[in-house]
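Asks: this one's sequence-less:
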């Protein structure tokens, strides 16, 4: 996990020094970009010329440590980047990998392989690309007796500051930032970079993977004849009672309600609404795209207390080409919320007559919603 420390000792070699650690990198996906090391030894700084690796052959690089900075109680962790976080190493599946870690007393030479690298888009400055960490591929979900991949998108300057940040919890993590996601991607990572470049979007995003074949059940608030047992209550409890405390303990968050948001699309939008119903004291910002209200009409019978809380902001989006009732349901729900909200102007409904039910369209809406929801420190 990146540290906020920015003090880094010199790595200049003294004539009498012998190598302490040698890292060699093999990458079949090589290009002209230079490779840098980043890690706990330099405060997770990127583009640090002191840790530029030396090419030793096609797709092969080497870096030799002649001394290791005093890390205190921190482990020796590192990653490879081709410049900054916008071009970090990826796994074979195209995902940001966990931090690499070694025991310095046990290793003199390590050979690593990087099968893929992330590439940035041309419509934002890669300097502002977020630092994406996979917290765990098997994060325990005790309420469902299951495990789930959880990722976190940290602001581009997280490691070099002591700032605390608002947090947005988003469902369907598989579709948020992976370029080759099976159903397309929101490109949240790139939109956050573009927002940061304009001085906006200064927040942490937590991406929670859905449960695959169990997705509908986990996102469904109620038991239904069609889908069986609804596990939405247990899932919402996981978010508020297990995941959020973990994030607040391990990252520099602003944990209060005023700085905490939740969101998703389709069934992910539905469960985000339900999470607000169950935990109105936890969330004040709601990013709800194309919610599957048709699947849970009983939600109108719930006490929508989160809407009556002061300073709640709700951003609703629906597309005209998503289905016959999508826009009508969104309009009805917005009307219901506005009747409860002390400030109806804090409920915003956006309708795109040409909008379709897909990740690309929700991605286009994401930066607009983030700005309007006013994630400010």
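Replies: Received, thanks. Treat the numbers as computed from the prediction; the structure is a model and nothing was measured.
Asks: which residue ranges form the helices in the stretch 51-200 of the chain?
Replies: Using DSSP state H, counting those that start in this stretch, the helices of the stretch 51-200 of the chain run over residues 188-197.
Asks: now the stretch 201-350 of the chain
Replies: 215-219, 232-237, 244-250, 267-278, 305-308, 326-340.
Asks: ok, and what's touching the fifth one?
Replies: The set of residues external to helix 305-308 that reach it, using C-beta atoms under 8 Å, 6 or more residues apart in numbering, is 276-277, 280, 283-284, 286, 312, 314, 337, 340-342, 347. Placement of C-beta: from N, CA and C, glycine included.
Asks: what are the buried residues along the lengthiest strand in the chain?
Replies: If you go by DSSP state E, the chain has its longest strand at strand 131-141. Judged by neighbour count (16 or more other C-beta atoms under 10 Å), strand 131-141 contains these buried residues: 131-135, 139, 141.
Asks: okay if I get those residues as CSV plus distance to residue 364?
Replies: Formatted as CSV, the buried residues of strand 131-141 follow (distance: C-beta to C-beta, whole Å):
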residue, distance to residue 364
131, 24
132, 21
133, 26
134, 26
135, 27
139, 29
141, 31
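Asks: tell me the one among the residues you listed nearest to residue 177.
Replies: residue 132 (6.6 Å; C-beta to C-beta).
Asks: where does the closest one land on pLDDT?
Replies: Looking at residue 132, its pLDDT stands at 94.
Asks: contacting residues for it?
Replies: 85, 88, 96, 151-154, 177, 189.
Asks: same check on residue 213?
Replies: Counted by C-beta under 8 Å, 6+ apart, residue 213 has zero contacts.
Asks: quick one: buried ones out of the contacts of helix 305-308?
Replies: With neighbours counted using 16+ other C-beta under 10 Å, those contain these buried positions: 276-277, 280, 283-284, 286, 312, 314, 337, 340-341, 347.
Asks: surely residue 322 meets residue 357?
Replies: Yes: counting by C-beta atoms under 8 Å, residue 322 touches residue 357, with 4.1 Å between them.
Asks: what's the overlap in contacts for those two?
Replies: Applying C-beta under 8 Å, 6+ apart, one finds that residue 322 and residue 357 are jointly contacted by residue 290.
Asks: hang on, the earlier thing: out of the contacts of helix 305-308, the closest to residue 74 would be?
Replies: residue 283 (33.1 Å).
Asks: I'd say that closest one and residue 273 touch.
Replies: No: the pair residue 283 / residue 273 is not scored as a contact, 10.1 Å apart, by C-beta under 8 Å.
Asks: surely residue 80 meets residue 24?
Replies: No: applying C-beta under 8 Å, one finds residue 80 not in contact with residue 24, separated by 11.1 Å.
Asks: neighbour-wise, which of these two wins?
Replies: Ranked by neighbour count (other C-beta atoms under 10 Å), residue 80 and residue 24 place residue 80 first, with 23 against 16.
Asks: need the contact list for the more buried one.
Replies: 25, 35-38, 53, 88-89, 112, 114.
Asks: one more time with 7 Å
Replies: Applying C-beta atoms under 7 Å, 6 or more residues apart in numbering, we find residue 80 in contact with 25, 35, 37, 89, 114.
Asks: before we move on, what about residue 336?
Replies: 300, 304.
Asks: any idea how far it lies from residue 329?
Replies: For residue 336, the distance to residue 329 (C-beta to C-beta, to the nearest Å) stands at 11 Å.
Asks: same check on residue 240?
Replies: 25 Å.
Asks: and residue 117, by the same measure?
Replies: 42 Å.
Asks: same check, this time on residue 347
Replies: 15 Å.
Asks: what does residue 361 give?
Replies: Going from residue 361 to residue 329 by C-beta to C-beta gives 17 Å.
Asks: could you check which of the two is surrounded by more residues?
Replies: With neighbours defined as other C-beta under 10 Å, residue 361 and residue 329 compare such that residue 361 has more, 22 against 19.
Asks: how about the nearest residue to that one, chain neighbours excluded?
Replies: Nearest non-adjacent residue to residue 361, counting by C-beta to C-beta, 6 or more residues apart in numbering: residue 355, 5.3 Å away.
Asks: verify the stated contact: that neighbour with residue 323.
Replies: No: under the criterion of C-beta atoms under 7 Å, residue 355 is not in contact with residue 323, lying 11.0 Å apart.
Asks: can you give me the strands in the stretch 1-150 of the chain?
Replies: 21-26, 36-39, 54-57, 60-65, 76-81, 89-90, 100-102, 109-113, 116-117, 131-141, 146-154 (DSSP state E, counting those that start in this stretch).
Asks: typo on my end, it should be the stretch 251-377 of the chain
Replies: Under DSSP E, counting those that start in this stretch, the stretch 251-377 of the chain gives strands at 260-265, 285-289, 313-319, 347-352.
Asks: quick one, which of those gets closest to residue 365.
Replies: Minimum separation from residue 365 across those (C-beta to C-beta) falls at strand 313-319, 5.0 Å.
Asks: the residue lying closest to residue 255 once chain neighbours are set aside and residue 342: what is the separation?
Replies: Leaving aside its chain neighbours, residue 255 sits nearest to residue 248 (4.2 Å; criterion: C-beta to C-beta, 6+ apart). Going from residue 248 to residue 342 by C-beta to C-beta gives 27 Å.
Asks: what's the burial count for the closest residue to residue 370 other than its chain neighbours?
Replies: Nearest non-adjacent residue to residue 370, counting by C-beta to C-beta, 6+ apart: residue 201, 5.4 Å away. Neighbourhood size, residue 201 [other C-beta under 10 Å]: 24.
Asks: I'd like to know how far the nearest residue to residue 200 once chain neighbours are set aside sits from residue 225.
Replies: Closest residue to residue 200 apart from its sequence neighbours, by C-beta to C-beta, 6+ apart: residue 371 at 5.6 Å. Separation of residue 371 from residue 225 (C-beta to C-beta): 41 Å.
Asks: what does residue 169 give?
Replies: Taken as C-beta to C-beta, the span from residue 169 to residue 225 is 30 Å.
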